[in-house]
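Participant: structure of the sequence below:
(one chain, ligands or ions: 1)
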Amino acid sequence: MNKYTMMEAGEGMKKRLYLLMLFIASIAILLGCTGDAAEKKEEKQVIKMATSADFKPFEFFDEEGNIVGFDIDLAKLIAEELGYELEIEDMNFDGLIGALQANRVDMVLAGMSATEERAQNVDFSVEYHRSGEMFLTTKDEAIGSLEDLQGKIVGVQLGTIQEEGADTLSEEYGFEVKKIDSANVLIQELITGRIDVAYLDKEVATGFMEEHDLTGFDDPTTASPGMAIAFPKGSELKEKVDQVLQQFIEDGTLDELKEKWELTE
Ligand code: ARG
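Facilitator: Next up is the predicted model:
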């Protein structure tokens, strides 16, 4: 090897080293980019859910102030299955449909009956539960039938199907209807004698009945539609949620939840 070729070899090596470094640098940049993208994907999307947490066992505040219940468990399982994070907001039942219409929330689970009237303003999932209606009274009231409601004050929760039902029945049976924001307040009003009767969802009424030693009778007139998850009209989430819900119905997950929260119907 003469001097000349030695030098050439040296130059060639430098060039190769340079190319290698360039190669490593570009790989590093590429990796950096994909790393970023992966991180962005991992940031979970959020489902904003609203409820009215005055409706045990569907949704209520536990002693620590957490919102818990059948609907909450169901929503959590659905969000988990879809890979979303779940955020829960409590509001008056009466405000839920409006919150959906204004797109302030993505979905509502609140023991909400999927009525045709509501379906004009929101979209509903498949139904996940069915319950009837009940009239609740204190044990010192001798009320056991619709006829006994004559001249009484019957309380209902504002915005519920029971409000509408009571308005209709009141004409035929001659009672006064008092409308109250929260189901918890409704029961307080009953216990303290400011109303004679509370008219509400049977499943929830049964719980209040045991808790406060009340009595009552089933509403013989109604056949209310089942409960479903509500979404803003045209929501893309609805289809995804429906798929998961259908899966939960088929694989027994829903039944397990009903057992856990002792839903009877
Ligand atoms: N099922 C009834 C309705 O849809 C009552 C629901 C009340 N729900 C509640 N979380 N307070 O009108």
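Participant: for residue 232, list the residues it contacts.
Facilitator: By C-beta atoms under 8 Å, 6 or more residues apart in numbering, the contact list for residue 232 reads 100, 101, 103, 106, 122, 123. For every residue, glycine as well, the C-beta is placed using N, CA and C.
Participant: quick one: it from residue 86, how far?
Facilitator: Residue 232 sits at a distance of 17 Å from residue 86 (criterion: C-beta to C-beta, to the nearest Å).
Participant: of the contacts of residue 232, which is the nearest to residue 205?
Facilitator: Closest approach to residue 205 among the contacts of residue 232 (C-beta to C-beta): residue 122, at 25.2 Å.
Participant: is the closest residue to the closest one other than its chain neighbours in a helix, a strand, or coil?
Facilitator: Excluding its sequence neighbours, the residue lying closest to residue 122 (C-beta to C-beta, 6 or more residues apart in numbering) is residue 230, at 4.5 Å. Secondary structure, DSSP: H, G, I helix; E, B strand; the rest coil: residue 230 is strand.
Participant: what about residue 230, distance to residue 132?
Facilitator: Counting by C-beta to C-beta - residue 230 and residue 132 are separated by 20 Å.
Participant: of those two, who's got more company?
Facilitator: The neighbour count for residue 230 versus residue 132, taken as other C-beta atoms under 10 Å, is higher for residue 230 (26 against 15).
Participant: who does the more buried one bridge with?
Facilitator: Counting by DSSP bridges, residue 230 forms beta bridges with residue 108, residue 124.
Participant: burial count for residue 236?
Facilitator: Burial measure for residue 236: 9 neighbouring residues, criterion other C-beta under 10 Å.
Participant: for it, phi and psi?
Facilitator: Backbone geometry at residue 236, expressed as degrees, to the nearest 10, gives phi -80, psi -20.
Participant: what about it, distance to residue 107?
Facilitator: Using C-beta to C-beta, residue 236 is found at 12 Å from residue 107.
Participant: could you find the closest non-adjacent residue to the residue minimising distance to the centre of the chain?
Facilitator: By C-alpha atoms, centre = their mean, the mean C-alpha position of the chain lies nearest to residue 109, the distance being 2.3 Å. Ranked by C-beta to C-beta, 6+ apart and with sequence neighbours excluded, the top spatial neighbour of residue 109 is residue 71, at 3.9 Å.
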